[in-house]
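Asks: quick one: sequence plus predicted model below, questions after.
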Amino acid sequence: MDFAIDSQYCDPAGIRLAVVGEVDVATAPDLLSAVVAAVGAADRVVLDLGRLTFIDAAGLGALVACRRYACDQGATLHLSDVPEHARRLLVITGLEATLLAPLPDTRPGADQERGRRP
């Protein structure tokens, strides 16, 4: 069972954590710990799942716990590069609306742009 948080770096969206390998009953607590640490350092956390190879019910539960923790702390959590196998699970379980919501655009003037029509 391979699992790692391959990289953690700051970008304009806050902190990005690249998840590598399997998120299951054995590794889900490690994912939550990484997110807790990231939320302590930034208001926005992106979980890059591009190299996620497997996720089970415990992994889905960890994603929900991560999001709940982030929200409770006034932070946002977003999933990016979600592989098709994980996306299917999110759709089947009804979690896609919660966990795949896009990050708000925080660029200066973005609120005004949204109100404009092309």
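Replies: Now that the structure is in, tell me what you want to look at.
Asks: the lengthiest strand in the chain pairs with which strands?
Replies: Ordering each strand of the chain by length in residues (DSSP state E) puts strand 44-55 first. Counting by DSSP bridges, the strands paired with strand 44-55 are strand 14-23 (parallel), strand 76-80 (parallel).
Asks: of all those strands, which lies closest to Ala4?
Replies: Nearest to Ala4 among those is strand 14-23; the distance by CB to CB comes to 4.5 Å. All C-beta spots, glycine's among them, are computed from the backbone N, C-alpha and C.
Asks: if we can go back for a sec, how about a markdown table for the strands paired with strand 44-55, with mean neighbour count, mean pLDDT and distance to Ala41 added?
Replies: Converted to a markdown table, the strands paired with strand 44-55 look like this (neighbours: other CB atoms under 10 Å; pLDDT from 0 to 100; distance: least, CB to CB, whole Å):
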| stretch | mean neighbour count | mean pLDDT | distance to Ala41 |
| --- | --- | --- | --- |
| strand 14-23 | 21 | 94 | 6 |
| strand 76-80 | 20 | 93 | 13 |
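Asks: turn the ones you listed into CSV, columns for distance to Ala57.
Replies: Output for the strands paired with strand 44-55, formatted as CSV (distance: least, CB to CB, whole Å):
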stretch, distance to Ala57
strand 14-23, 11
strand 76-80, 17
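Asks: so which elements touch the helix or strand where Ala38 lies?
Replies: Taking DSSP states H and E as the definition, Ala38 sits inside helix 28-41. Using 3 or more CB pairs under 8 Å, 6 or more residues apart in numbering; DSSP states H and E as the contact test, the elements touching helix 28-41 are strand 3-11, strand 14-23, strand 44-55, helix 57-72.
Asks: out of these, flag the one nearest Thr93.
Replies: When those are ranked by distance to Thr93, counting by CB to CB, first place goes to helix 57-72 at 6.3 Å.
Asks: can you list contacts of the closest one?
Replies: The contact list for helix 57-72 (CB atoms under 8 Å, 6 or more residues apart in numbering) reads 22-25, 27-29, 31-32, 35-36, 39, 45, 47, 55, 76-77, 79, 89-90, 93, 95, 98-99.
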